[in-house]
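[1] sequence and predicted model, in that order:
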Number of protein chains: 4
Amino acid sequence: MKAGIVGANGYGGAELIRFLNQHPYADIELLISHSTSGKKISEQYPHLRGLAEWDIEDLHQEGITDRVEVLFFATPAGVTKEVLPSFLEKGIKCIDLSGDFRLKDSESYRKWYGKTPAKEEHLKSAVYGLPELNRDSIKTAELIANPGCYPTAAILGMKPAIQASIVEAKTIIIDAKSGISGAGRSPSMGNLFSEVNENIQAYKLCRHQHIPEIEQAFHELSGKDVAIMFTPHLIPMTRGIMCTMYADLTREMTAAEIHELYKETYKDELFIRVRPLGEIPATKEVYGSNYCDIGLSVDQRTNKLIIISVIDNLVKGAAGQAIQNMNLLGGWNEQTGIHHTPVYP
Amino acid sequence: MKAGIVGANGYGGAELIRFLNQHPYADIELLISHSTSGKKISEQYPHLRGLAEWDIEDLHQEGITDRVEVLFFATPAGVTKEVLPSFLEKGIKCIDLSGDFRLKDSESYRKWYGKTPAKEEHLKSAVYGLPELNRDSIKTAELIANPGCYPTAAILGMKPAIQASIVEAKTIIIDAKSGISGAGRSPSMGNLFSEVNENIQAYKLCRHQHIPEIEQAFHELSGKDVAIMFTPHLIPMTRGIMCTMYADLTREMTAAEIHELYKETYKDELFIRVRPLGEIPATKEVYGSNYCDIGLSVDQRTNKLIIISVIDNLVKGAAGQAIQNMNLLGGWNEQTGIHHTPVYP
Amino acid sequence: MKAGIVGANGYGGAELIRFLNQHPYADIELLISHSTSGKKISEQYPHLRGLAEWDIEDLHQEGITDRVEVLFFATPAGVTKEVLPSFLEKGIKCIDLSGDFRLKDSESYRKWYGKTPAKEEHLKSAVYGLPELNRDSIKTAELIANPGCYPTAAILGMKPAIQASIVEAKTIIIDAKSGISGAGRSPSMGNLFSEVNENIQAYKLCRHQHIPEIEQAFHELSGKDVAIMFTPHLIPMTRGIMCTMYADLTREMTAAEIHELYKETYKDELFIRVRPLGEIPATKEVYGSNYCDIGLSVDQRTNKLIIISVIDNLVKGAAGQAIQNMNLLGGWNEQTGIHHTPVYP
Amino acid sequence: MKAGIVGANGYGGAELIRFLNQHPYADIELLISHSTSGKKISEQYPHLRGLAEWDIEDLHQEGITDRVEVLFFATPAGVTKEVLPSFLEKGIKCIDLSGDFRLKDSESYRKWYGKTPAKEEHLKSAVYGLPELNRDSIKTAELIANPGCYPTAAILGMKPAIQASIVEAKTIIIDAKSGISGAGRSPSMGNLFSEVNENIQAYKLCRHQHIPEIEQAFHELSGKDVAIMFTPHLIPMTRGIMCTMYADLTREMTAAEIHELYKETYKDELFIRVRPLGEIPATKEVYGSNYCDIGLSVDQRTNKLIIISVIDNLVKGAAGQAIQNMNLLGGWNEQTGIHHTPVYP
């Protein structure tokens, strides 16, 4: 399968190259970046020296649509919806890593992103690319909206509990912690080493654009309206997301019962590791890999369930999941090209 | 005032030396450590070369009680209650940085610490050394139980809201993040750089010994029984604690109203900085200082209050607060010797 | 003494405020920054909330020269030489933290900085502000060229050996390691957390602008022409510089003899700590303080001397040293306002 | 090929598992650790949950030699030489990651390691396992002494220059920087996060046990006696080694000429990337991979060559190189199982 990346110059693009470059059934045929076209990707990312010596090209050129069968968009929200449709119309499978096609409700997009939404027809046809939720639809999708990093960890962590109606979905509090690579490679004061190191910062309280994305999934899983509390924090590390989630149990249950439910729900999933009861996953234990690891505990004093889920934000939270989706499109084993063991320590 | 430190060799001890060494009204007369007695403190902590060239001594020696007027115990829980009483009986003012005298209810100590509690008479006479709560009692105390690091951040962050009954105290969820220095200088696998770096770990879910300490204070402030949810996380940084706290509002209030309440409550406090509305403090902004900074937001969709409080765990969360308590004992300005501007970046 | 800072918005400016704000004999009367004039410094640096609530002003305004007696320039090289002279002419003591007035040879400036040098008269009158070298001249200087961060560590580390002619000055190799804060607060890709973290990078091999500054001092100390090898590296930390320096001994000497020489040379210096023989200083042991710590070893197999010197690049390598120079101008004890114990850990 | 690991519980062991687990021609049949026998490796390293669920066994048991064809020793120096010979005698291929069999001269081992050396017959038969030096001998070796981490970076970096006699081998200065994972997983104060973070430390000046290993290789390459200066530093990061090396050129040469020599020398090597002239590699650019990247510069003012080489200390500096050696033993492509693209950022 001939693959291309629009927005190849960001961290998401670099991770896509890491995986595609050694993928047995896909070849990189096209790297596009507005800001660095004309240069080689290995100049921008010297870790790719000798491994990926392609030129970066500009979007606007003739015949570009003939060169690829699948195109990854690692472009910012607001940009993708402008450039993607022309490829979609040519029959190229599009996997969008931005937030432009994730929300079915265009008004919600307008409210949370503060931008004009994509066309309704595209929002309607787009499949939310979380394989553990929508595997079958993804296989035949034309346009895949690859989930956000926080929503991936949050939804996978809460799915069994919400589906089984053992928690009040409307009471869920998600305290999320992320490494800084999610902020991308564009320089800004907030991303500087001296500002991030030895520091924790909460940001976008009650107004992060991933809130409606999580709520949309929780609504689908529960059939109920939900209004979650979501607080993201920046942590002095490059990779990794942890969601610590708190929910009221609808009835008394032991941790062992809930653990059994989780094991059962995810027993066939290749990338979800429900940890043994009593073991709580740490972000480093999925570093560089496509795993989502989940641990849980029940506080009997407050009858609350705590779920802790971890991912590598650039892999299961972005590029790895995009490849997993491509694998579904291709009809291949989901692990193809992304079966890396976590890099530890 | 002649001061001494028992447990001088830990990070709490080193911070006490940093502050005492330049304190205008106190002199270090005695440094005690079981594990390193006979050595110089500057060998253990070369950053003190030329600044603190005292010998470390052993606890068991004659005449030791004649040499000090105030004694800081930076010893582990379980140890302090064994060694402190003999000094207390000699009329030496004791400031304990361990958890041995914080809980009024000895059964609670037995349950959460898994150890034999201190004698009832000492638990009864001990004053919980949070100046913003108990300033007057501290001034005349014989035995001060210096608060834990997490409880300091949590209690200061919630006090105005709980006192004013604007939140359901029993619903409070505290998601806490801490730098690793709180784990001390004793080597263990969990403290190793390679294990902590590029990693977030939650630990002691629903069973951290600071839970009853926070609940005791919330109970005093609210007059009600409370059962909080508290989840501590280790963050790849040395210093700093952030408590992100979620509570249901008892009635509809704007963030501005609550902000006003906070400003008013703390208007005379020298070490509490309520941030301008819309500004959320980061841990680095109190690095090395005795400040507790507080920010807040209201989520109107869920009618919840979020409070974010930050401290330097080794300063306001340990040694700095202990000096603040000593200042109260001495009748001096509370800022004496601990008025350091945060070190940024 | 009424003090002002031009370039208050950078890290050097913030450190100057940290020290000036608690300095007993100096008051901040003026903060200037081109990029943030009209805002408050505490908005730019919230760690200063409640401690430094001044407005940031623009450089171009009437009466500005009447408001200060001493002015610190924390502006970039190339900028200072344009704006400083007008203040100098009004009799204001000027302390420049940039490289504009450090090199006596204007051709050397032109070559290494790639910019037009300052006027010869100013280069001539400027005093190189390393108190351990030029204490007496500094006391009466009108214009002080505050040393660079790397040169401070390098020159202080080598001075005793070069002065005593025990090393071949021309053979010195300086392998320098620095925290990233030296690169300032202006965003660029090279300063991003994700690029710096878990990484070591060498940069500006054989062409760093601090080379001629070090050589100028080595020349003055030795009376000989020197051409050093200097290689700076970026280390994933915020503060701290270590210079590891290698020099051929001119004759056989033991480490103990050389250690004695170092102790003797620096016996009256308040900010230099020659470590006990066998102890090598680490950067963290001077964190936040104005100390320069020095350790040494002799390799008998190669007859080479190794000197290791460490400083906090923002303190002794910038703002702290500038205050030390101001103290000399004011005739005060050199430690005034900058006697902070290092913050450890 | 049936493989086993003695010392499976350290970081080197964990990395061997990462690579062996997905190696197409090797299977893990035996994991041995004295300290954790009876437990599962995935309890010690939860990142291996679901991927490596083997039990850890004890060394002393019957029939152990029948279960493996190749055995990796990730045990400390001093231990390996006691336990390895019995396996060697049974015809099992032994790859030792410790320093016990690297030095041909047993007196040198005694001096630098301070321990009794291995038997002469084993020292004699052992092949130094640096494929880029001894590829042919490795293919048929019974006992492979896998190189040290620092020597790997140093020798690969200097080999072309020394072989071509363009540098004075005896003048080489190696300033080395390493992440902390090289110190292993055994807790000690020096490895603690709070001690390592925001810190640079030099250690073992002039007496590191890798000095004779590097000199032995330089001697073989140059035919001359060499006495290098080698200074290792600990850097606040987990993985990565950089060697910055300084050597006097024997004649005037341009950087371009030397670059050509390097490109030519390594043109067939799969794991060595000589960077384009002017580009200096950073450690992060080989993170998690088996590459050794090399950059260079010439200082015309001092006629010195600077070589900068970087590796991941746990991969090319330990486990990855051990697999590369196993691949040579097996007659497979050297990249088999270790062709990972570096993980960036």
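    Noted; the coordinates are in hand.
[2] report the contact partners of whichever residue of the stretch 51-200 of chain A sits closest to chain C.
    Taking Cβ to the nearest Cβ as the measure, the point where the stretch 51-200 of chain A comes nearest chain C is residue A:187, at 3.6 Å. Where you see a C-beta, it was placed from the backbone N, CA and C, and this is true even at glycine. Under the criterion of Cβ atoms under 8 Å, 6 or more residues apart in numbering or on different chains, the neighbours of residue A:187 are C:187-189, C:191-192.
[3] counting by contacts, list what the longest helix belonging to chain A packs against.
    In terms of residue count, the longest helix belonging to chain A (DSSP state H) is helix A:149-163. When contacts are defined as 3 or more Cβ pairs under 8 Å, 6 or more residues apart in numbering or on different chains; DSSP states H and E, helix A:149-163 packs onto helix A:131-139, strand A:173-178, helix A:210-222, strand A:229-234, strand A:241-248, helix A:255-265, strand A:292-299, strand A:304-311.
[4] and residue A:190, how far from residue A:230?
    19 Å (Cβ to Cβ, to the nearest Å).
[5] okay, these two: which has more neighbours?
    Taking residue A:190 and residue A:230 together and counting by other Cβ atoms under 10 Å in any protein chain shown, residue A:230 has the greater number of neighbours (27 against 14).
[6] that one against residue A:210, yeah?
    Yes. In terms of Cβ atoms under 8 Å, residue A:230 counts as a neighbour of residue A:210; the distance is 6.8 Å.
[7] give me the common contacts of those two.
    By Cβ under 8 Å, 6+ apart, residue A:230 and residue A:210 have these common neighbours: A:150, A:154.
[8] and the stretch 201-345 of chain A, which residues reach chain D?
    By Cβ under 8 Å from any Cβ of the partner chain, the part of the stretch 201-345 of chain A that sits against chain D consists of A:238-239, A:273, A:275-276, A:279, A:281-282, A:284-289, A:293, A:339-345.
[9] ok, back up a step: for the longest helix of chain A, the distance to its chain's centre please.
    12 Å (Cα atoms, centre = their mean, to the nearest Å).
[10] next: stretch A:13-24.
    So, by Cα atoms, centre = their mean, the centroid of stretch A:13-24 is 16 Å from its chain's centroid.
[11] what are the bridge partners for residue A:230, then?
    On the basis of DSSP bridges, residue A:230 takes part in beta bridges with residue A:174.
[12] now do the contacts for it.
    Residues in contact with residue A:230, defined by Cβ under 8 Å, 6+ apart, are A:150, A:154, A:173-174, A:176, A:206, A:208, A:210-211, A:214.
[13] what's the most distant pair in those residues?
    Checking those against each other with Cβ to Cβ, the farthest-apart pair comes out as A:154 and A:206, at 15.5 Å.
[14] please identify which of those two sits among more neighbours.
    More neighbours surround residue A:154 than the other of residue A:154 and residue A:206, with 28 against 17 (other Cβ under 10 Å).
[15] as JSON lines, the helices and strands packed on helix A:149-163 with mean pLDDT would be great.
    Conversion of the helices and strands packed on helix A:149-163 to JSON lines gives the following (pLDDT from 0 to 100):
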{"stretch": "helix A:131-139", "mean pLDDT": "98"}
{"stretch": "strand A:173-178", "mean pLDDT": "98"}
{"stretch": "helix A:210-222", "mean pLDDT": "97"}
{"stretch": "strand A:229-234", "mean pLDDT": "98"}
{"stretch": "strand A:241-248", "mean pLDDT": "98"}
{"stretch": "helix A:255-265", "mean pLDDT": "98"}
{"stretch": "strand A:292-299", "mean pLDDT": "98"}
{"stretch": "strand A:304-311", "mean pLDDT": "98"}
